[in-house]
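Undergrad: no FASTA, just this:
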């Protein structure tokens, strides 16, 4: 790896850190401007003004916003996520009990969607211009245009209400067998995989087609190499970087869909915890959950950019 590539990678990591700082300020400012008084909500409408004022002082809500932001950011940096307003429990414990469920959902979606998307994208590129390629392209574009909540609602109506094959709600804590796991994860995973797979198919197809148009691949074809050998031996190894980049970018779309999916299917994950925290105006919990999503998103985007930089032959 030459020095120029190292500079580009270091610059991309630095941009990610600066972006994370800006995002943290945005998250704190947006949650602080939510309507309603936290102390009043926690004590109820019957609370006296003195009690509300006392609770606001105890929770440091009267401190300047910049001071509360610095205190909160320092806590995040040291691993002190604070205490939940609504549950009076450490936020780390609340998130720890839900994080495993969200990771299971993300892992199941990745294992299901990535092989299918890569297979369809690569084969569509190999058969570019054929009826198969046109069908895959039309379906991918159609799926991309359908929002996740529409897919989730349709899945509930078809598979839970009419056919009664799958449960409408996903109870992740009640899995005791492989069959129960399939029933619980089926609809959330299928819903999340729709848009992710469609994006991945389009980007994988484009990456492989771009590699197939390079001179050395055309030379291999002129020398008599079969199309399958040309793709598997010459095109795919050189398209590996763009394909991995496409996978990382596509998986970043998980973060938007998982909020909708966990809410509709009542799945006990981080996104559902954040939605419940918004209802109770639990600011520390909302801020922490939002930062988790932002960190994961930036991490995936940064990995995708670094892979794109390192796989660029012009920079080697």
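TA: Looks like it arrived, so ask away. What you are looking at is a predicted structure, and each value in this text was computed from that prediction instead of being measured.

Undergrad: make it CA atoms for all contacts and neighbour counts henceforth
TA: Noted.

Undergrad: chain center to stretch 209-217, what's the gap?
TA: 32 Å (C-alpha atoms, centre = their mean, to the nearest Å).

Undergrad: swap in stretch 138-145?
TA: 20 Å.

Undergrad: Give the rounded mean pLDDT of it.
TA: Here stretch 138-145 scores 87 as its mean pLDDT.

Undergrad: quick one: secondary structure of residue 146?
TA: coil (DSSP: H, G, I helix; E, B strand; the rest coil).

Undergrad: Next, the contact list for the closest residue to it other than its chain neighbours, please.
TA: Counting by C-alpha to C-alpha, 6 or more residues apart in numbering, residue 195 is the residue found nearest to residue 146 once chain neighbours are left out, at 7.9 Å. For residue 195, the contact set (C-alpha atoms under 8 Å, 6 or more residues apart in numbering) comprises 143-144, 146-148, 253.

Undergrad: which of these count as buried?
TA: 143-144, 148, 253 (16 or more other C-alpha atoms under 10 Å).

Undergrad: Most widely separated two among these?
TA: Pairwise distances across the buried ones among the contacts of residue 195 peak at 13.7 Å for 143 and 253 (criterion: C-alpha to C-alpha).

Undergrad: Name the next helix or strand downstream of the host helix or strand of residue 133, please.
TA: Residue 133 is part of helix 131-144 when elements are defined by DSSP states H and E. Counting by DSSP H and E, the next helix or strand C-terminal to helix 131-144 is helix 148-155.

Undergrad: Residue 46 is in what secondary structure piece?
TA: Residue-wise, residue 46 maps onto no helix or strand under DSSP H and E.

Undergrad: Let me know the secondary structure of residue 67.
TA: Applying three-state DSSP: residue 67 is helix.

Undergrad: Which pLDDT value does the model give it?
TA: For residue 67, pLDDT reads 88.

Undergrad: Residue 255 now?
TA: 73.

Undergrad: Residue 271 versus that one, what's the distance?
TA: To residue 271, residue 255 is 9 Å away according to C-alpha to C-alpha, to the nearest Å.

Undergrad: In terms of packing, which of those two has more residues around it?
TA: More crowded of residue 255 and residue 271, by other C-alpha atoms under 10 Å: residue 271, with 27 against 16.

Undergrad: Could you report the separation of the nearest residue to residue 209 once chain neighbours are set aside from residue 132?
TA: In space, and not counting its chain neighbours, residue 209 is closest to residue 125: 5.6 Å by C-alpha to C-alpha, 6+ apart. Using C-alpha to C-alpha, residue 125 is found at 10 Å from residue 132.

Undergrad: Residue 303 now?
TA: According to C-alpha to C-alpha, residue 303 stands 32 Å off from residue 132.

Undergrad: All set, thanks.
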